Structures are given as C-alpha cells and as structure tokens.
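Undergrad: Okay, predicted coordinates and the sequence, questions at the end:
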Amino acid sequence: EEIEEATLRELRIFLREICAKLARNRTFYIFTKPVDEEVVPDYRDIIKEPMDLETMMTKIDQHEYECAQEFLCDIDLICTNALEYNPDRNPEDKIIRHRACTLRDTAYAYIKAEMDTDFEDKCREIRDRR
Ligand SMILES: COC(=O)N1C[C@@H]2C[C@@H]3O[C@]2(Cc2nccnc23)C1
C-alpha cells in the first residue's frame, strides 16, 4: 500500500546511487556493460547468467529489486561469473578476478555504511509479505 510504495521508492533511489558510484569507478569498467559476444564468442557457452552494472541499473528502474540483499545477489553474480570465466594463473585472469572481488567487497561496504539495517529489514518484510 502507499507507505510500502514510498519505502520501495526510497530503496530504488538508494540503489541507483550505489550502482552509479560503482559504475563511475574505472577499476570496475569491465563490469559496466554486458560481455560482447562478438568479442568473446564462447562467453555465453560458459556463463549461463551474465550480469553487469548497466543491466542492474535497468533492473532497478523495472522494480526488480525489493531489498538490498537482492541487489547484492546480482553483484555476487557479476563476481562469480568473472571468477568462473577467468580462472587461469595468467596475469590478465588474475587482474579481472582481483577487480571482481574488489567490486563485491566495495558494494557490500557501501551498503553496510550507507543503509539503515532497519530500513533493509522493512524492505524484506514487504517482500516476504508479497
Ligand atoms: C566481465 O568480463 C569478462 O569476464 N571478460 C572475459 C573476457 C575475456 C577477456 O576479458 C573479457 C573481454 C575480452 N575481450 C577480448 C579478449 N579477451 C577478453 C571480459
């Protein structure tokens, strides 16, 4: 109902700012857009559920996140995809794995630092009720 819609609106505003801040960080450039299948033809043979920050921004606008935990699940997906597709000991793979882990840790830190725990609890209660 109306109070709940106001809460979800506030969540979307908060998540857009977190998502934009991550996308502005040049360390995370490789995660800002979907991996181009013309550039990397086998990517979608290996990674069954691609994810990136631009797709996440669209999901926010489509009301697909009802709490911060669901947003962080997609951050985790970006990270595990990168670890799975780039597993080798060569320098390029190591760099992208390090960037993926840094993206994950930075996202969790931003949300913990800037989100009221009882606001997240309220979002989860609304989600669980629906
Ligand atoms: C999240 O991004 C990734 O997991 N990848 C994996 C691909 C392998 C490597 O880096 C990527 C793009 C690319 N293009 C050309 C040649 N090699 C690469 C980005």
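TA: Looks like it came in fine.
Undergrad: Pull the residues that contact stretch 41-51.
TA: Contact with stretch 41-51 is made by 34-35, 37, 74, 77-78, 81, 84-85, as judged by CB atoms under 8 Å, 6 or more residues apart in numbering. Yep, even glycine has a C-beta here, placed from its N, CA and C like the rest.
Undergrad: Go through those and name the one nearest residue 28.
TA: Proximity of those to residue 28 (CB to CB) peaks at residue 78, which lies at 8.9 Å.
Undergrad: Name the nearest residue to that closest one, sequence neighbours excluded.
TA: residue 51 (4.9 Å; CB to CB, 6 or more residues apart in numbering).
Undergrad: returning to that earlier point: quick check on the contacts of stretch 41-51: which are buried?
TA: Neighbour-count burial (16 or more other CB atoms under 10 Å) applied to the contacts of stretch 41-51 gives 35, 74, 77-78, 81, 85.
Undergrad: Out of those, which is nearest to residue 7?
TA: For the buried ones among the contacts of stretch 41-51, the nearest to residue 7 is residue 74 (20.2 Å; CB to CB).
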